[in-house]
Structures are given as C-alpha cells and as structure tokens.
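> curious how this folds, go ahead:
(one chain, ligands or ions: 1)
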Amino acid sequence: MSEPFGFPADFVWGAATAAYQVEGSPLADGAGPSIWHRFSHTPGRVHGGDTGDLACDHYRRYPEDIALMQRLGLQSYRFSISWSRVMPQGRGAVNPAGLDHYDRVVDRLLEAGIQPNITLYHWDLPAALSDRGGWLNPDIADWFADYTRVMVRKLGDRVPQWATLNEPWVVVDGGYLHGSLAPGHRSHFEAAIAAKQLMRAHGASVQAARAEGVRSIGLVVNIEPKTPASTSAADLAACTRADAYMNRQFLEPALKGELPTELAEVYGEAWQDWSPAELALVHQPIDFLGVNYYTRAVVRHDDSVWLTRAAPVPQPMATHTATGWEVCPAAFETLLVELGRAYPALPLYVTENGSAFYDPPVASAQPLPDPLRAHYLQQHLQAVSRARQQGADVRGYYAWSLLDNLEWAHGYSKRFGLVHVNLSTQERTLKQSALDYAAVIASRGASLNANA
Ligand code: BGC
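Presented below is the predicted three-dimensional model:
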C-alpha cells in the first residue's frame with residue numbers, strides 16, 4: 001500500500017561535491033598543494049594511481065555543471081573550498097585568484113537560482129600546514145579561524161549556509177589511525193590528538209564566522225548507527241565503544257560539551273582528557289547539524305580490532321553497494337528520529353546520502369539506467385519523509401554526489417554520481433536516478449508514492 005510521502009515547500013533539495021574530488025587543476029592560478037595532492041601522487045596510496053589532477057574538471061566546467069543542476073531543479077549546491085587555493089601556505093598570504101574562483105562560482109549559482117552551501121574543510125588540508133603538524137598542532141584552531149574569516153569576508157554576503165568540517169571521524173580514522181587517507185599516518189596517539197584539534201578548530205571557526213555576521217553555521221558528521229550482534233555483555237559493550245568512537249566522539253563535545261566516557265577505554269594509553277576550556281571552545285551553539293548517512297553496522301566484540309575491539313558482522317541477506325556497505329534505509333529513519341529527540345532544538349540537514357554501484361565507463365544510453373542507485377535514492381528519501389512525519393526536524397537533503405568523482409583512496413573506481421562522467425572525454429550524462437530525483441523535487445516527494 002502506498003504511503004503519503006511528501007515534503008513542505010521550504011524543504012531544501014540539493015546535491016553535494018567536495019573540492020578535491022571534482023575540481024581538478026589543483027595547482028592552478030597560484031594554488032598551493034594539499035595533502036590530497038601529495039597523497040595521490042605517492043605511489044600505492046590511491047587505487048590505480050588515480051589523482052585529482054583533472055578529476056571532473058569542475059574548476060573549469062562549473063558553468064556547465066551549474067546548468068545541469070538547474071535542469072534537475074536543484075535549489076542548493078553543497079560544495080567545499082580548497083583551503084590551499086585560497087591560502088597557498090594555509091596561513092598568512094591570501095591568493096586573490098583562488099578567492100575569485102569561488103566568488104565566480106557563487107555568483108553563477110545565484111544567477112541560476114541555486115543557494116550555495118559551503119563546507120570549509122572537506123579533507124584537503126594545505127600541505128604546508130601538514131608540514132607544521134597539521135591536525136596535531138594546537139595552532140590549527142587559529143589557522144582555521146583565520147581562513148574562515150577570509151572566506152566569510154569574501155562570500156558571506158551571498159552564502160546563506162556554512163559548515164566548518166566535513167566528517168571529522170574520517171579525518172581521524174582514515175588520516176591518522178589507519179593511514180588509508182591523507183596524510184596517511186598510523187598512530188592512535190595521533191588520532192586522539194587530531195580528534196581534539198579538529199573539534200577545537202570547529203569551535204574557533206564557528207566563533208570567527210559569527211563575529212563576521214554569519215547566521216547559519218554548522219558541523220557535518222557522518223553517523224553510522226551501531227547495533228549489537230547479540231545481547232551478550234561483551235557485544236553490548238563493543239557496540240557502545242564503536243558508537244562512542246565513530247559517532248558520539250564528535251556529536252557530544254559539539255552539542256553537549258561532554259566527551260563519551262568510553263573514549264578513555266578505546267584510546268587506552270593514548271587518551272588525553274580535554275580541558276574544560278577546550279570543551280567550552282568546542283561547544284559553540286550551532287545553527288544546524290549536517291548528517292551524512294550511508295550505512296549502519298551490526299557489531300560484535302573482537303579483541304583483534306584496533307582500536308575499538310568491535311568488528312562489523314557481515315549481513316549476507318542484505319543488499320550491498322559497490323563499496324561493500326549494507327543498504328539499510330530503516331536505520332537512516334531511526335537515526336533521524338533519534339537525533340531529533342536527542343537534540344530537539346537543532347535543525348537537521350541530510351548533507352550527504354548516496355550509493356556507489358557499477359556504471360560503465362562510457363554511458364551507453366541517455367538517461368543511463370542505474371536501477372540500484374535509483375532504488376537506494378527512493379528508499380532513503382522515503383526514510384527521510386517518514387522520519388519527518390515522526391517529528392524529526394529535517395530541513396533539507398543533499399544527494400551524494402552530483403557527479404561521478406574521485407572516491408578518495410578508491411580513485412575513480414567507485415561511481416556515486418547522479419550524473420555520469422566519462423573520464424576520458426569529461427562528457428556528462430544524466431543517470432535515471434538524476435531524473436527520478438528531479439521528479440521528487442518537482443512533486444515535493446509525491447512521486448515517491450508511486451513505487452512505495
Ligand atoms: C565523504 C565523501 C565521500 C562519500 C562516499 C563521505 O564520507 O564526505 O567525500 O565521497 O562519503 O564515500
């Protein structure tokens with residue numbers, strides 16, 4: 001039986017990208033290198049030796065891409081700024097050509113009737129700052145606040161919504177604990193420090209943006225709900241540790257000014273407490289929480305897993321995406337409802353949600369059929385609608401991603417786009433999921449009823 005899916009007229013419909021994943025031209029017009037430029041040019045780090053040197057050539061093709069957004073009826077575009085384009089050394093001198101690029105992007109979006117939604121940090125730290133310790137150096141809160149001021153002074157008159165960090169957990173876990181992402185370090189001592197310095201920088205950035213008059217600034221976190229594999233005490237404790245490490249490590253300091261007590265156990269000898277002053281800096285009032293949701297995890301106790309001693313349990317009966325992630329829209333619905341209950345005054349935006357499934361390198365049809373992605377999108381939009389009906393204050397949804405792009409250490413081997421990109425010719429082709437999304441936007445969700 002169909003259900004009355006629907007969204008209010010002021011619900012924001014968008015799509016998201018991140019600078020290093022789509023822009024290309026990483027050193028153009030006076031830009032400095034980022035840690036991702038360095039990492040992708042280090043043999044063995046990125047699948048197939050792929051780099052962001054060309055990516056989707058969005059740096060040059062943004063007018064064409066904005067025209068596509070317009071065609072789909074998108075109302076907002078979430079994108080990130082490459083810090084080292086704007087400040088090649090990460091601090092000090094500003095590169096006017098880098099700033100002007102984003103100025104033009106913002107103006108073009110506004111001309112197209114699309115609201116810009118800027119994320120200040122989506123993982124591409126200026127390499128010069130990494131050489132000074134990067135996220136391990138306590139000075140980074142000031143560096144990030146200075147960079148925030150530069151951006152807000154230039155674009156604050158035209159950009160209504162800002163986010164500080166994208167997914168601090170991924171920076172900590174991939175960048176400093178396991179080394180699978182830039183800067184590629186492997187140390188639980190560093191991971192503990194990076195987590196604290198990221199969140200101090202978030203707080204300092206919120207303060208700086210507000211002082212410059214920004215009225216909507218938030219934090220974007222990836223939340224992966226954890227479910228215990230059994231009711232045994234060991235599995236329940238493992239589940240709590242996994243949730244503390246991945247989810248609450250960032251939510252609770254930012255939103256409550258507290259740290260989950262389990263973190264001391266997770267990090268063990270590497271743990272350092274956060275002082276009351278540090279927690280106070282992190283705990284700035286924010287205007288919204290950005291939630292990135294892809295999957296959930298069922299977890300059990302496993303002593304061999306560094307650091308959490310919690311292992312994911314395979315779910316053989318479930319559908320999985322090309323990144324091996326279980327498709328579970330029910331967990332998404334529950335997550336949004338629970339976040340709404342835990343933080344009732346805080347508006348929520350789904351700042352990323354999407355799926356990688358195989359698409360051919362050359363689009364064979366227009367639109368390109370992508371039934372698995374289209375189904376994922378439909379189920380997850382239905383979940384958002386259901387969560388809203390249960391009271392979750394979700395005000396917008398950004399599909400990940402507008403374009404097939406550089407999926408970090410997976411290189412170009414995983415396609416998340418609503419729009420197919422032929423990486424040899426840069427030709428863009430709409431996928432069926434893009435057209436379905438356009439129909440959802442145009443009907444404010446009513447088209448989701450058809451296949452419920
Ligand atoms: C990130 C994106 C990434 C996506 C899919 C998120 O963790 O913010 O940059 O491409 O997930 O892995």
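> now the residue nearest the centre of the chain: how far from the ligand?
Centroid check for the chain by Cα atoms, centre = their mean gives residue 166 as the closest residue, at 4.7 Å. For residue 166, the distance to the ligand equals 5 Å [Cβ to the nearest ligand atom, to the nearest Å]. For every residue, glycine as well, the C-beta is placed using N, CA and C.
> which residues are in contact with that residue?
Applying Cβ atoms under 8 Å, 6 or more residues apart in numbering to residue 166 gives the contacts 18, 80, 119, 121, 122, 123, 220, 290, 292, 351.
> ditto for residue 323
Each residue near residue 323 by Cβ under 8 Å, 6+ apart is listed here: 294, 356, 407, 410, 414.
> quick check: phi and psi at it.
Backbone torsions for residue 323, taken as degrees, to the nearest 10, come to phi -90, psi 10.
> ok, residue 118 - how many residues close by?
22 (other Cβ atoms under 10 Å).
> meant to ask about residue 231
7.
> up against the ligand, what does the protein have?
18, 21, 166, 167, 170, 222, 292, 352, 400, 407, 416 (Cβ under 6 Å from any ligand atom).
> turn those residues into TSV, columns for distance to residue 445 and pLDDT.
Shown next, in TSV, are the residues of the chain next to the ligand (distance: Cβ to Cβ, whole Å; pLDDT from 0 to 100):
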residue	distance to residue 445	pLDDT
18	27	99
21	28	99
166	26	99
167	27	99
170	30	99
222	24	98
292	21	99
352	19	99
400	19	99
407	29	98
416	22	99
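> narrow these to those in strands?
166, 222, 292, 352, 400 (DSSP state E).
> show me the beta-bridge partners of the second one.
Per DSSP bridges, the residues bridged to residue 222 are residue 292.
> give me the low-pLDDT residue ranges for the stretch 301-450 of the chain?
Applying pLDDT under 70 to the stretch 301-450 of the chain picks out no residues at all.
> now do the helices in the stretch 151-300 of the chain.
Counting by DSSP state H, counting those that start in this stretch, one finds helices in the stretch 151-300 of the chain at the ranges 168-170, 188-211, 233-243, 249-256, 262-267, 276-282.
> wait, which of those is closest to residue 444?
Taking Cβ to Cβ, helix 249-256 is the member of the helices of the stretch 151-300 of the chain nearest to residue 444, at 29.7 Å.
> what's the average pLDDT for the closest one?
Average pLDDT, helix 249-256: 98.
> what's the spacing between it and its chain's center?
Its chain's C-alpha centre and that of helix 249-256 lie 17 Å apart, by Cα atoms, centre = their mean, to the nearest Å.
> for it, which positions count as buried?
For helix 249-256, a neighbour-count test (16 or more other Cβ atoms under 10 Å) marks 249, 250, 251, 252, 253, 254, 255 as buried.
> which other residues reach that helix?
Contacting residues not belonging to helix 249-256 are listed as 168-169, 172, 195, 199, 202-203, 219, 221, 223, 258-260, 263, 274, 279, 282-284, 286, 289, 343, 346 [Cβ under 8 Å, 6+ apart].
> let's see that helix as PDB, backbone CA atoms only.
Extracted in PDB, the C-alpha atoms of helix 249-256 (Å, rounded to 0.1, in the frame of the first residue of the first chain):
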ATOM      1  CA  GLN A 249      33.200  11.300  19.900                       C
ATOM      2  CA  PHE A 250      32.200  14.300  17.700                       C
ATOM      3  CA  LEU A 251      28.400  14.800  18.400                       C
ATOM      4  CA  GLU A 252      28.700  15.000  22.200                       C
ATOM      5  CA  PRO A 253      31.500  17.600  22.500                       C
ATOM      6  CA  ALA A 254      29.900  19.800  19.900                       C
ATOM      7  CA  LEU A 255      26.400  19.500  21.100                       C
ATOM      8  CA  LYS A 256      26.700  18.900  24.800                       C
END
